[in-house]
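Novice: Kindly generate the corresponding structure for this input.
(one chain, ligands or ions: 1)
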Amino acid sequence: MNLSGKRIILGVTGSIAAYKSALLTRLLIKSGAEVQVIMSASALDFITPLTLATLSKRPVMSDFSNKNSGEWHNHVELGLWADLFILAPLSANTLSKFANGICDNLLTATYLSSRCPVMLAPAMDLDMYQHPSVTSNLDKVASFGNIILDAESGELASGLSGQGRMMEPEHILEHVYHFFSPKLDFKGKKVMVTLGPTQEALDPVRFISNHSSGKMGMAIAKAFQIQGAEVFVVSGPVSLDLKSENFHLYPVHSASEMYQAAKSIHGQMDICVFAAAVADYAPAEVAKEKIKKQESELTLHLKKNVDIALELGKVKSPNQIHVGFALETENGEANARGKLEKKNFDLVVLNSAKEEGAGFRHDTNKVKIFHRNGKEVQSDLLPKSRIAELILREVKNVPVWI
Ligand code: PMT
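Specialist: Modelled structure (predicted):
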């Protein structure tokens, strides 16, 4: 995409990921954007202004005035000049200033003066990124309308491994492209996503369930929404903040409740994605009172649950698309192809419960997507948001869609 005519402020703060801002500057300039870099004082310890000035073809600003020339850097003018303000990398320190209106340097003053949309690409160490003060600051700036470019997972500068790495510059560039020219390929489409686990009650205090966090389904729901769809989420119990998203939300507990909710809206849907990890069995009877500890063993009698995807697959109309998942620990490909046929899916997304970084709870996943016509697409280990984009791309390749 061509970004010519687009004016972008790139704010760089003190983080080891500051070296990536050089590549981001280069990518933005190569795409035709005008880029004004503003560095915080601590960013200067990580990368030289000379590098960023050379790449951006403009002097870098880091203070209210240029001490040598006496020139004043007007943060209000800067804030009004830009079409987009990207903070990459964003440190925990500057994030907390943004969240609380602290204005003690050129970067924070420009943030407060900007009328343009703001994209924030945090970069932190594992435990910092998960700290409640950081997560609540991220929630707070998201509530101001700032776009959060979630940190990616991988090896961190500390040697720890997990989420905290600044989003790769190429991925940030895609968000910038999308921002200036949103792809609304699913505008006018209604999409149902089932997500999370189901809980099958044993008695008033216990249930059978699984490890699904709902993250994969949530990423898919968000991706459809970003591309213009009206999204209906049928969710098992998860700790994700689904309410603050603009979904039609159907919270359920058991497989049978999930089936009832999904069935009630299925007829109106253009696309259904079955990302939930539905319990295949439930206790045959739910004890009215808490089951007392037995002397030795306790035998549970389980009954088979309804298979939601299978049942809705039977009533699927020719212009509806069903996307299923297959979570396997062995014979993945054969099982995935079997599910494609048996459940009348148009696509099946195979993921492994055994592969490092994939499947339940992780922020990343690695999948293989199977089409009915035999086409197969293998992904790398990627953030679930990127896997979701890949799934949407393949939905567009389903013949019904074309
Ligand atoms: O939620 P996360 O922590 O992010 O983890 C994501 C995930 C691993 C849960 C997700 O990627 C995934 O694989 N979901 C499907 C898990 C599963 O139940 O797979 P399955 O192979 O048992 O089921 C096959 C398909 O039938 C699935 O689309 C499932 O939603 C559907 N199904 C299964 C049983 C049932 N009773 N009703 C169903 O609709």
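Novice: Give me the pLDDT for the residue of the chain most remote from its centre.
Specialist: Farthest-out residue of the chain from its mean C-alpha position, per Cα atoms, centre = their mean: Glu295, at 47.5 Å. Per-residue pLDDT puts Glu295 at 80.
Novice: so which helix or strand takes in it?
Specialist: For Glu295, there is no enclosing helix or strand under DSSP states H and E.
Novice: Please determine how far it is located from the ligand.
Specialist: Separation of Glu295 from the ligand (Cβ to the nearest ligand atom, to the nearest Å): 34 Å. Backbone N, C-alpha and C define where each C-beta goes, glycine included.
Novice: what do you get for Met124?
Specialist: With Cβ to the nearest ligand atom as the criterion, Met124 and the ligand are 22 Å apart.
Novice: for the residue lying closest to that residue once chain neighbours are set aside, helix, strand, or coil?
Specialist: Nearest residue to Met124, sequence neighbours excluded (Cβ to Cβ, 6 or more residues apart in numbering): Gly164, at 4.9 Å. Three-state assignment for Gly164 (DSSP: H, G, I helix; E, B strand; the rest coil): strand.
Novice: ok, now which ones touch Gly164?
Specialist: Neighbour list for Gly164: 123-126, 128-129, 151, 153, 156 [criterion: Cβ atoms under 8 Å, 6 or more residues apart in numbering].
Novice: try 7 Å
Specialist: The contact partners of Gly164, taken as Cβ atoms under 7 Å, 6 or more residues apart in numbering, are 123-126, 129, 151, 156.
Novice: Equivalent analysis for Ala261, please.
Specialist: 234, 250, 252.
Novice: change it to 10 Å
Specialist: Going by Cβ atoms under 10 Å, 6 or more residues apart in numbering, Ala261 touches 192, 194, 232-235, 249-252, 308.
Novice: Please indicate which of these are buried?
Specialist: Buried residues within these, counting neighbours by 16 or more other Cβ atoms under 10 Å: 192, 194, 232-235, 250-252, 308.
Novice: now the residue nearest to Met124: how far from the ligand?
Specialist: 19 Å.
Novice: and that residue, how far is that from Glu152?
Specialist: From Gly164 over to Glu152 the distance is 8 Å, taken as Cβ to Cβ, to the nearest Å.
Novice: now Ser56
Specialist: For Ser56, the distance to Glu152 - Cβ to Cβ - is 24 Å.
Novice: For the stretch 151-300 of the chain, what lies in contact range of the ligand?
Specialist: With Cβ under 6 Å from any ligand atom as the criterion, the stretch 151-300 of the chain comes near the ligand at residues 194, 212-216, 255, 274-278, 280.
Novice: what about 8 Å?
Specialist: 194-198, 210-219, 238, 255, 258-259, 274-280 (Cβ under 8 Å from any ligand atom).
Novice: most neighbours, which of the contacts of Gly164?
Specialist: Ala123 (28 neighbours; other Cβ atoms under 10 Å).
Novice: Inside helices: which ones of the residues of the stretch 151-300 of the chain next to the ligand?
Specialist: 215-219, 255, 258-259 (DSSP state H).
Novice: In CSV: the residues you listed, plus distance to Lys342.
Specialist: What follows is those, written out as CSV (distance: Cβ to Cβ, whole Å):
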residue, distance to Lys342
Lys215, 26
Met216, 21
Gly217, 21
Met218, 26
Ala219, 26
Ala255, 17
Met258, 19
Tyr259, 17
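Novice: which pair in those residues spans the largest distance?
Specialist: Ala219 and Tyr259 (23.3 Å; Cβ to Cβ).
Novice: and Thr108, how many neighbours?
Specialist: Around Thr108 there are 20 residues (other Cβ under 10 Å).
Novice: does it count as helix, strand or coil?
Specialist: Thr108 is classified as helix under three-state DSSP.
Novice: Please name the residues that touch the residue lying closest to it once chain neighbours are set aside.
Specialist: Excluding the flanking residues, the one nearest Thr108 by Cβ to Cβ, 6+ apart is Lys97, at 4.9 Å. Neighbouring residues of Lys97 by Cβ under 10 Å, 6+ apart: 13, 40, 91, 103-105, 107-108, 111-112, 137.
Novice: Most neighbours among those residues, please name it.
Specialist: Top of the contacts of Lys97 by neighbour count (other Cβ under 10 Å): Thr13, with 29 neighbours.
Novice: So which of the contacts of Ala261 sit within helices?
Specialist: Ile308.
Novice: now, which of the contacts of Ala261 sits nearest the ligand?
Specialist: Among the contacts of Ala261, Ile308 lies closest to the ligand (Cβ to the nearest ligand atom), at 3.4 Å.
Novice: Could you look up the SS state of the closest residue to Gly101 other than its chain neighbours?
Specialist: Distances taken as Cβ to Cβ, 6+ apart place Leu112 nearest to Gly101, at 6.8 Å, with adjacent residues excluded. Following three-state DSSP, we place Leu112 in the helix state.
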